[in-house]
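Asks: Just a sequence and a predicted model for now, questions to come.
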Amino acid sequence: MNWILLIIGGLFEVGFATCLGKAKESSGITATIWLGGFLVCLTISMVLLYKATQTLPIGTAYAVWTGIGAVGTVLVGIFIFKEPADFWRVFFITTLIASIIGLKFVSSH
């Protein structure tokens, strides 16, 4: 169950990074709404990370949480913000995904 909370927390990390990007592109009330979304996603993400660390090792949980956030944010950057998807970016994101999966399999919890 705590792995599921950790994954959902990582997805909310992607959400808060996405909200920051959208706020940067916006102005006025729209930017304020995106910043509100950032705060909501940030809070949920942190609470879920905290809950997951109640039973998972902190080093593993934090690495997986930030890894999900990093991978997801790069993918959002590519697909939503039209950032480049060159070979090396995709290669290193792939190795990060493999590392996240590896941490899950070697974790004792």
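Replies: That came through fine. Not measured: the values here are computed from a predicted model.
Asks: Could you list the low-pLDDT ranges of the protein?
Replies: 108-109 (pLDDT under 70).
Asks: What are the boundaries of the helices in it?
Replies: 2-25, 28-52, 58-79, 87-106 (DSSP state H).
Asks: In JSON lines, list those helices along with mean neighbour count.
Replies: (Each C-beta comes from the backbone N, C-alpha and C, glycine too.) Formatted as JSON lines, these follow (neighbours: other Cβ atoms under 10 Å):
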{"stretch": "helix 2-25", "mean neighbour count": "19"}
{"stretch": "helix 28-52", "mean neighbour count": "16"}
{"stretch": "helix 58-79", "mean neighbour count": "18"}
{"stretch": "helix 87-106", "mean neighbour count": "12"}
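Asks: Please report the distance of residue 28 from residue 4.
Replies: 38 Å (Cβ to Cβ, to the nearest Å).
Asks: Spit out the contact partners of the residue nearest the centre of the chain.
Replies: With distances taken as Cα atoms, centre = their mean, the chain has residue 69 as the residue nearest its mean C-alpha position (1.8 Å). Residue 69 makes contact with 10, 13-14, 17, 45 under the criterion Cβ atoms under 8 Å, 6 or more residues apart in numbering.
Asks: Just give the nearest non-adjacent residue to it, would you?
Replies: residue 13 (3.4 Å; Cβ to Cβ, 6 or more residues apart in numbering).
Asks: cool, and residue 73?
Replies: Nearest one to residue 73, counting by Cβ to Cβ, 6+ apart, is residue 17 at 4.3 Å.
Asks: I'd say that neighbour and residue 76 touch.
Replies: Yes - the criterion here is Cβ atoms under 8 Å, and residue 17 meets it with residue 76 at 7.1 Å.
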